[in-house]
Every structure is written in structure tokens, then in C-alpha cells.
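Student: Test case, fold it:
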Amino acid sequence: MADRYWIASSAGNWNDTANWSTTSGGSGGASVPVTADNVFFDANGSGNCNIDVSYCYINDLTTTNYSGTITSLFQLRVYGNLSHGVNATIAIPSGDLFLIYGNINSKDGVFSGDGTLY
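Tutor: Next comes the predicted model:
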């Protein structure tokens with residue numbers, strides 16, 4: 001299990017290692033998050049994120065102090081918990097799926113789109 005932090009300052013793709021760090025505000029080049037990883041979006045990565053992989057499975061997802069939009073272009077599964085910050089948006093386009101197996105702690109974070117949220 002590893003922690004991965006989104007550090008992109010402009011819109012970018014999930015599957016690009018340049019957008020991921022092992023620390024908040026650190027250097028890019030960390031591996032793309034996988035099933036056991038905890039993923040963090042915070043103030044040190046303001047760019048929107050396009051999840052451009054067919055199946056995106058992670059452990060915990062935290063969007064505290066993140067003001068961008070995470071768009072799931074396919075399927076996103078969070079096997080742990082979701083902590084969804086007040087200024088963050090998770091967009092789920094029509095036909096796409098966002099599954100959360102743990103607890104949801106939403107601080108008025110936004111869910112948008114016509115996709116399915118479980």
C-alpha cells in the first residue's frame with residue numbers, strides 16, 4: 001500500500017506518472033495509483049484530472065482542499081473510504097460507474113453527471 005498525491009497544476013491524465021508524487025507538493029514521477037493505494041487530491045495539485053484508464057481501482061480517495069474536477073471516463077472503484085472536500089467535484093459521465101465500498105464523508109463536495117454512483 002502506498003500514498004499517491006495528485007500534483008498537476010493544469011489538467012492532466014490519471015495514467016501519466018508526471019502527475020503523481022509520493023508526498024503532497026512533491027516531485028512527479030511516482031507510479032500511477034493501483035488497487036491498494038490511497039489517493040489524495042489537495043491544494044498542491046490544482047489541475048483537473050481525467051481518469052483515462054478503463055478500470056481504476058484504489059483504496060481510499062481524499063479530495064480535501066482540492067478545487068478541481070476529477071472526471072471518471074470509465075469506471076472508478078474506491079475499496080476503502082471517500083473523504084470528499086467542499087470545493088472538489090467528481091464528474092461521472094453517462095454510462096460510467098463510480099463505486100464506493102467504504103464510508104463516504106462528504107463536506108459538501110459535488111458529484112455531477114449522469115453516470116451511476118454506488
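Student: which residues does Thr64 contact?
Tutor: 40-42, 83, 85, 107 (CB atoms under 8 Å, 6 or more residues apart in numbering). For every residue, glycine as well, the C-beta is placed using N, CA and C.
Student: With Cys56 instead?
Tutor: Counting by CB under 8 Å, 6+ apart, Cys56 has contacts 14, 33, 72, 74-77.
Student: Report the secondary structure state of the closest residue to Ala91 other than its chain neighbours.
Tutor: Once flanking residues are discounted, Ala91 sits nearest to Thr71: 4.3 Å by CB to CB, 6 or more residues apart in numbering. Secondary structure, DSSP: H, G, I helix; E, B strand; the rest coil: Thr71 is strand.
Student: Distance-wise, check Thr71 relative to Leu99.
Tutor: 16 Å (CB to CB, to the nearest Å).
Student: in stretch 66-77, what counts as buried?
Tutor: Residues of stretch 66-77 classed as buried: 66, 68-73, 75-77 (neighbour count, 16 or more other CB atoms under 10 Å).
Student: from the chain's centre, how far out does that stretch sit?
Tutor: Taking CA atoms, centre = their mean, to the nearest Å, one finds the center of stretch 66-77 at 5 Å from the center of the full chain.
Student: And that stretch, end to end?
Tutor: Distance between the two ends of stretch 66-77: 20 Å, counting by CA to CA, to the nearest Å.
Student: Just list the residues touching Thr22, thanks.
Tutor: Thr22 is in contact with 2-5, 30, counting by CB under 8 Å, 6+ apart.
Student: Quick one: buried ones out of those residues?
Tutor: With neighbours counted by 16+ other CB under 10 Å, these contain buried members at 3-5, 30.
Student: Asp114: which of those residues is nearest?
Tutor: Arg4 (28.2 Å; CB to CB).
Student: Name the SS class of that closest one, please.
Tutor: The three-state label given to Arg4 by three-state DSSP is strand.
Student: Surely it is in contact with Asp37?
Tutor: Yes: with contact defined as CB atoms under 8 Å, Arg4 reaches Asp37; the gap is 5.2 Å.
Student: so where's this structure shaky on pLDDT?
Tutor: Within the chain, the segments meeting pLDDT under 70 span 118.
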